[in-house]
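S.K.: Sequence first, then the predicted structure:
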Number of protein chains: 2
Amino acid sequence: MEARLDAPTVDLLGVLAYGELTAFERLASDARLAPSVADKVALATMAAAEFEHFRCLRDHLAASGVDPEAAMEPFMRPLDTFHDSTEPNDWLEGLIKAYVGDGLATDFYREVAGSLRDEQTRSLVLEVLADSGQASFVVATVTEAIRVQPAVAGRLALWGRRLVGEALIQAQQVAVDRDALTELLVGRGGLAGITGLLNSLTDNHSARMAAMGLQA
Amino acid sequence: MEARLDAPTVDLLGVLAYGELTAFERLASDARLAPSVADKVALATMAAAEFEHFRCLRDHLAASGVDPEAAMEPFMRPLDTFHDSTEPNDWLEGLIKAYVGDGLATDFYREVAGSLRDEQTRSLVLEVLADSGQASFVVATVTEAIRVQPAVAGRLALWGRRLVGEALIQAQQVAVDRDALTELLVGRGGLAGITGLLNSLTDNHSARMAAMGLQA
């Protein structure tokens, strides 16, 4: 058994693992809204990839002598609340949530991963984040839907804004509750670093919305 | 590319593949009802295994020159209807559905697989069916829940009966619509064979209910 991980690292792995587990659960469940088998398979494939990530993170925690359930527990409530408050009403909303949610999470974790002291954990986190893939499917589908029915763009743009809003509310809650995780973030450059992070998250989010033909 | 599969084989692979895909989707979605992370992980792991099965079946269809989506299409409606009419109301109902549904499906497909002419398909189907595994988790959890609160047993026994009833209604619909599949079944020994199959499905179902401490 290798040396125990420090508290911020355990927190980061815990929130990431539970995030992948709930992403799996929600994407698989949103696959129900798919208009065709091909679409269903595409979303189910994204969901299955999230479960693989979850498995890697859980196994890494366990191999490091940390109880994975205890590590995830503090993050269940904010992540469940995020998902409960952003239940997609139709297939397009589900796709946008998959793309925007995954994008925000990936940007955030990639920034934070830079501060991780444990090299093995850092490589694992970056590896898990690198493998998201299916974005082009979402972009193509949403773009085509807007081309066919331009009127949906307004509603979907609002939906994108709501996703970011709810994510920020929950992230803030986590920051208040979890000092270790916040320190990892603040340690990167104090409040200026956090402002920089928020700016870069927002820029990337706008770029993703624009790629789908939506205003951020 | 190997020789094309005959119509009953394509039908069997199609219904099995779509069955695995919807099982994945519904199990993953029912994981939401889990009372703890450990329970959630257990159901999510079952769901991920169903997706692996789906992937094998789909790849086998494609490698045999059959369009997987066309093969699945005729079975979407009956399987979706089954799931829509048996949406679990709580965690225990979800577990029982996973166990009873998987058990019924496995018994049925294993019987039918014996009639498949294509050896490679027969091995694949039997391999996919062999790997269900997690039954002991369901049995242990349901048994314990009934021990703690014996009053739930009546409701859960009714739920088990409803699951079988809805499954039979949809199976009958498929039998009426899909001559090829029905011939595969009838070919095994005519109506007497079907009666035998129904008896053995019922016996195995009763044994599974009894294992959970429930009356069939």
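M.R.: Perfect, thanks for sending it.

S.K.: Show the contacting residues for the most centrally placed residue in chain A.
M.R.: To find the centre residue of chain A, average its C-alpha atoms and take the closest one (CA atoms, centre = their mean): that gives residue A:105, at 3.2 Å. Contacts for residue A:105 (CB atoms under 8 Å, 6 or more residues apart in numbering or on different chains) come out as A:19, A:23. The way it works is simple: take the backbone N, C-alpha and C, and place the C-beta from them, glycine included.

S.K.: list the buried ones in the helix or strand containing it?
M.R.: Secondary structure assignment for residue A:105, by DSSP states H and E: helix A:91-113. Neighbour-count burial for helix A:91-113, with 16 or more other CB atoms under 10 Å in any protein chain shown as criterion, is recorded at A:91-109, A:111-113.

S.K.: could I get it in CSV with only the CA atoms?
M.R.: Taking only C-alpha atoms (Å, rounded to 0.1, in the frame of the first residue of the first chain), the coordinates of helix A:91-113 have been written out as CSV:
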residue,chain,number,x,y,z
TRP,A,91,-33.4,15.1,-25.7
LEU,A,92,-31.7,18.3,-26.7
GLU,A,93,-31.6,19.6,-23.1
GLY,A,94,-30.1,16.3,-22.1
LEU,A,95,-27.4,16.5,-24.8
ILE,A,96,-26.5,20.1,-23.9
LYS,A,97,-26.3,19.2,-20.3
ALA,A,98,-24.0,16.3,-21.1
TYR,A,99,-21.7,18.6,-23.2
VAL,A,100,-21.8,21.7,-21.1
GLY,A,101,-21.7,19.9,-17.7
ASP,A,102,-18.8,17.7,-18.8
GLY,A,103,-17.0,20.7,-20.3
LEU,A,104,-17.3,22.8,-17.1
ALA,A,105,-16.2,19.9,-14.9
THR,A,106,-13.3,19.0,-17.1
ASP,A,107,-12.0,22.6,-17.2
PHE,A,108,-12.3,22.9,-13.5
TYR,A,109,-10.6,19.6,-12.6
ARG,A,110,-7.8,20.2,-15.1
GLU,A,111,-7.0,23.5,-13.4
VAL,A,112,-7.1,22.0,-10.0
ALA,A,113,-5.1,18.9,-11.0
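
S.K.: moving C-terminal of that helix, what's the next helix or strand?
M.R.: Where DSSP H and E defines the elements, the next helix or strand beyond helix A:91-113 is helix A:119-130.

S.K.: Report the buried residues of the helix or strand following that next one.
M.R.: Sequence-wise, the next helix or strand downstream of helix A:119-130 (DSSP H and E) is helix A:135-148. When burial is assessed from 16+ other CB under 10 Å, helix A:135-148 yields the following buried residues: A:135, A:137-139, A:141-142, A:145-146.

S.K.: Mind giving me the packing neighbours of helix A:135-148?
M.R.: Judged by 3 or more CB pairs under 8 Å, 6 or more residues apart in numbering or on different chains; DSSP states H and E, helix A:135-148 is in contact with helix A:91-113, helix A:152-177.

S.K.: what does chain A have sitting close to chain B?
M.R.: Selection of chain A residues close to chain B by CB under 8 Å from any CB of the partner chain yields A:18, A:21, A:24-25, A:28-29, A:31-32, A:36-38, A:40-41, A:44, A:47-48, A:51-52, A:54, A:58, A:68-69, A:72-73, A:76.

S.K.: and if we set it to 7 Å?
M.R.: Taking CB under 7 Å from any CB of the partner chain as the test, the list of chain A residues beside chain B reads A:21, A:24-25, A:28-29, A:31-32, A:37-38, A:40, A:44, A:47-48, A:51, A:69, A:72-73, A:76.

S.K.: Filter those down to the buried ones and express that as a PyMOL selection.
M.R.: For the buried members of the residues of chain A next to chain B, the matching PyMOL selection, counting by 16+ other CB under 10 Å, is:
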select buried, chain A and resi 21+24+25+28+29+31+32+37+40+44+47+48+51+69+72+76
